[in-house]
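Student: Sequence plus predicted model, see below.
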Amino acid sequence: MLGNLVLFLICITTTNAFGEFVILNSPKSLKFTGTEPISSEDLGDVIYASLGNGLSGDAKWPCLNILDPFNLPENVVTVRLDGVTNSKLSAIGEKTYQLEGHRVEDSLNAVADQLEADNEPVCVMNFENFEEAIENFNAFVGNVKVDSVSSIYLKPELHIGDKQYLSSIAYINAMAGNMDTLLKKCKFLSVSLSVDSVAKGHGEKSVAMIEALDIFATVAKNVNIGAEKYRNKQTLVLGIVKKTDNTRAKRQAPTEDDKNKYNLAEYYSEDYPVIFNIILWLMVTFGFSLLAICYAIGSMDPGRDSIIYRMTSTRMKKDN
């Protein structure tokens, strides 16, 4: 009976385990404590709160502690790998948490949309959509040299999946070398790629897959080093590893629920204060003017020779 219970608990844990959430670098103003797993739905809240934004209601994940609200991270960078439940990021990270749930992409898309609604610059480069990612790379980084990545077991000349994976790694390496340019333009930088094609071509336990994970750990380390150099460790760098879900979410326009997720005030244009002040002072001036006119009329003494007195007098003229 006890053995069956243990087996049941292990099955539940295995089912819920979906990936890893690794703190690659965090400023001194933030402290990550505890070992409680993080739900994929809470990833956006962690990023949003780390940038100094308020959340509606209480935070669900208790492991993030803000020590200094006046020196919060100036940027947040996430490096995400889809297709596996664990990687080698924990060896280079400060802290590793178990990631649960299937809403990673939804959560990251929601916080990106919310930051854009707050007029904060956001850079999203998803190399699963390779052509779109290259366009975003050229737009944010510019025309820079992208060095190819060498490998032993990955065969880009034979497998298209290997070629795209190594090309994605090469572009991310180029980003790491130009992190100063990126972080000037992006408050939130989200980079993601998938290792699914490598696993399908070589097998999940193959040496090619092991090499692919080693290469990803190296490029994530390079991104972390680049961010640390530019912002003097004032950038929060996060590594996210998740198993690929059967249904993939796409970035879309935020719904009404997404817009109100963080209980923010309604956004007004920059001309609103000017128009408001003009209307306010016109109304104040009009009010005082009306008050002065009423007071003047009320205190007026027209005298007996005034037309006002003669028109309003009730005295009847005597007949001659």
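Tutor: Everything's here; your move. Residues are numbered from 1 along each chain as shown.
Student: any idea of the mean pLDDT for the longest helix along the chain?
Tutor: Using DSSP state H to assign secondary structure, the helix with the most residues in the chain is helix 272-298. Per-region confidence: helix 272-298 scores 90 on mean pLDDT.
Student: Also stretch 103-120?
Tutor: So the average pLDDT for stretch 103-120 ends up being 92.
Student: Going by neighbour count, list what's buried in it.
Tutor: Residues of stretch 103-120 classed as buried by neighbour count (16 or more other CB atoms under 10 Å): 103-115. For every residue, glycine as well, the C-beta is placed using N, CA and C.
Student: Then stretch 160-172?
Tutor: Judged by neighbour count using 16+ other CB under 10 Å, the buried positions of stretch 160-172 are G161, D162, Q164, Y165, L166, S167, S168, I169, Y171, I172.
Student: quick check: domain ranges of the chain?
Tutor: By the assignment in automatic domain parsing, the chain contains the domains 17-259, 272-312.
Student: Point out the most buried one among those.
Tutor: domain 17-259 (a mean of 18; mean count of other CB atoms under 10 Å).
Student: what separates that domain from the chain centre, distance-wise?
Tutor: What separates the centre of domain 17-259 from the centre of its chain is 11 Å, taken as CA atoms, centre = their mean, to the nearest Å.
Student: one step back: switch the buried residues of stretch 160-172 over to a markdown table; also include secondary structure.
Tutor: As requested, the buried residues of stretch 160-172 are arranged in a markdown table below (DSSP: H, G, I helix; E, B strand; the rest coil):
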| residue | secondary structure |
| --- | --- |
| G161 | helix |
| D162 | helix |
| Q164 | helix |
| Y165 | helix |
| L166 | helix |
| S167 | helix |
| S168 | helix |
| I169 | helix |
| Y171 | helix |
| I172 | helix |
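Student: wait, which of those residues is closest to L64?
Tutor: Closest approach between those and L64, by CB to CB: I172, at 25.8 Å.
Student: Surely the closest one and L193 touch.
Tutor: Yes. In terms of CB atoms under 8 Å, I172 counts as a neighbour of L193; the distance is 7.3 Å.
Student: picking that back up, least reliable of the domains of the chain going by mean pLDDT?
Tutor: Of all these, domain 272-312 has the smallest average pLDDT, which comes to a mean of 81.
Student: what about the helices in this protein?
Tutor: Secondary structure of the chain (DSSP H): helices located at 2-16, 43-50, 104-117, 130-140, 160-177, 179-185, 196-202, 207-231, 256-259, 272-298, 307-312.
Student: between the ones you listed, which gets nearest to V146?
Tutor: Distances from V146 to each of the helices of the chain were compared by CB to CB, and the smallest falls on helix 160-177, at 4.6 Å.
Student: helices or strands next to that closest one in the packing?
Tutor: Applying 3 or more CB pairs under 8 Å, 6 or more residues apart in numbering; DSSP states H and E, we find helix 160-177 packed against helix 130-140, strand 188-194, helix 196-202, helix 207-231.
Student: D214 is in contact with A91, correct?
Tutor: No. With contact taken as CB under 8 Å, A91 and D214 are classed as non-touching, separated by 10.5 Å.
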